[in-house]
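**Q** Here is a sequence together with a model predicted from it:
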Amino acid sequence: MPKSAIKYPRSTKMPPRDIPSGKPKVRNPSPKVKAGTKAKTGPVKTRSIAEIKKALHPRNAHINGYDFNALIKAFHRLNAFVRQTPFGGLSIDFADPEAVKALNTALLKYHYGIDFWDIPKGALCPPIPGRVDYLHYLADLLVEGDSSLAMEHVSVLDIGTGANGIYPILGCQVYGWHFVASDINSHSLANVQRIVERNPALQGRLSLRLQVDEKSVFKGIIQPQERFELTLCNPPFHASLAEAAQGSQRKVRNLQLNSGRTVKAASKLNFGGQGAELWCKGGEQQFLATMINESQAFADQCLWFTSLVSKKENLKPCYQALAKLAVDTVKTIEMQQGNKITRVLAWSFHSAAKRQSWRTEHLNIQKQA
């Protein structure tokens, strides 16, 4: 009997016990959205949740906000951080790193069946809705309208996974993808390994690799004869430690304005990531330039290369660099969460016909039966 295709992820409204371990299930898939377009969403339902505003991908489990009552049941320690808003809903203080960490732990447990997740003090604590949005758009990019792919056979490379390992965790649980995750920080990889060891659903689907050359992206990571359908990356966007500190201070000020309280000095030090998670020499622009230049050497081994681009002004030099290479297709996908806009830059050295042949050879449901 052939395996059933994993077309799109489940609608993640049920508790983790209804999620088969390591076998993400299709449940009420939302309408497809072409890659390169903004997701159109309906109005947010009025209920006791914190709104996540407009433009999340229609398959995003968080499109209607956070159900704090359900999250507290899944992870009781979240209750200590939840408070009522002036508008009658429930929320947390997003300026408090411990509160954000507790929220993430609850989201991962309730929606994605992750029993254990932890990060070192001061490490980047990623917003789950935005991170999973990236993966939904990559799924659309990959299938190109073909809903019969064996998605559980997709291989993905995560560049700079950090201590949180969020993209592999979400990609494994939502789509059943297999991941190689790299980082230049051995302590970050050790923390991700600890997460894997305590979550059976991730075991055998996520391997970790240390990048020993901080000037390289793909070199030393992609091995001969290795194949990836997708690469993804959330590059460090600051060019120096001082610039990163200024960026963190701006975030703190914005949170203070939104929360109406002063953030403690200790919270400032613990907010928003550290080291290579936030900055590298030359910042986002140089990191992207290196990634694009190195991608040509691995053109035959990767179907799609992708990266987030936080600064809009960095797109133009990327387009110019890609124009100098034998790139067949370049796409820019805009994502928005509230007032924050970011972009996914995607490029492939394969023509549409070759991409179809790749999918038929490696991901066709009949061939994988």
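**A** Structure received.
**Q** Show me where this protein has its helices.
**A** 68-74, 97-112, 128-143, 166-175, 186-197, 241-259, 265-270, 283-295, 315-323, 352-362 (DSSP state H).
**Q** Which among the ones you listed is found nearest to L345?
**A** helix 315-323 (5.8 Å; C-beta to C-beta). Every C-beta, even on glycine, is put in place using the N, C-alpha and C of the backbone.
**Q** Contacts made by that closest one with the rest, please.
**A** Around helix 315-323, the neighbours that count as contacts under C-beta atoms under 8 Å, 6 or more residues apart in numbering are Q285, L288, A289, I292, N293, V309, V330, T332, R343, L345, W347.
**Q** try 6 Å
**A** L288, A289, I292, V309, V330, L345, W347 (C-beta atoms under 6 Å, 6 or more residues apart in numbering).
**Q** Which among these count as buried?
**A** Buried members of the contacts of helix 315-323, scored by 16 or more other C-beta atoms under 10 Å, are L288, A289, I292, V309, L345, W347.
**Q** Contacts only, for the second one.
**A** Think A289. Contacts of A289 (C-beta under 6 Å, 6+ apart): A321.
**Q** can we see that at 7 Å?
**A** By C-beta atoms under 7 Å, 6 or more residues apart in numbering, the contact list for A289 reads P317, A321.
**Q** ditto for the third one
**A** Shown in contact with I292 (C-beta under 7 Å, 6+ apart): C318, A321, L322.
**Q** who wins for most neighbours among those residues?
**A** In terms of neighbour count, C318 stands highest of the contacts of I292 at 22 neighbours, by other C-beta atoms under 10 Å.
**Q** how much space between that one and E284?
**A** 10 Å (C-beta to C-beta, to the nearest Å).
**Q** quick one on the thing from earlier: from the contacts of helix 315-323, pick the one nearest Q301.
**A** When the contacts of helix 315-323 are compared against Q301 (criterion: C-beta to C-beta), the nearest one is W347, at 14.2 Å.
**Q** Quick test: name the residue nearest the centre of this protein.
**A** Geometric centre of the chain, nearest residue: R131, 3.3 Å, by C-alpha atoms, centre = their mean.
**Q** That residue reaches G165, doesn't it?
**A** No. R131 is beyond contact range of G165, at 10.8 Å (criterion: C-beta atoms under 7 Å).
**Q** residues near N293, how many?
**A** 15.
**Q** Can you give me every residue that contacts it?
**A** A321.
**Q** burial count for the closest residue to N60 other than its chain neighbours?
**A** Using C-beta to C-beta, 6 or more residues apart in numbering and skipping the chain neighbours, the partner closest in space to N60 is D133 (5.7 Å). Residues contacting D133 under the criterion other C-beta under 10 Å number 26.
**Q** The one 5 residues further on now?
**A** Other residues lying near L138 total 26 when counted by other C-beta under 10 Å.
**Q** and the residue nearest to it when sequence neighbours are not counted, what pLDDT?
**A** Spatial nearest neighbour of L138, chain neighbours left out: L230 (5.5 Å); criterion: C-beta to C-beta, 6+ apart. Per-residue confidence for L230 comes out at a pLDDT of 98.
**Q** now do S148
**A** 84.
**Q** Distance of it relative to H350?
**A** Taking C-beta to C-beta, one finds S148 at 19 Å from H350.
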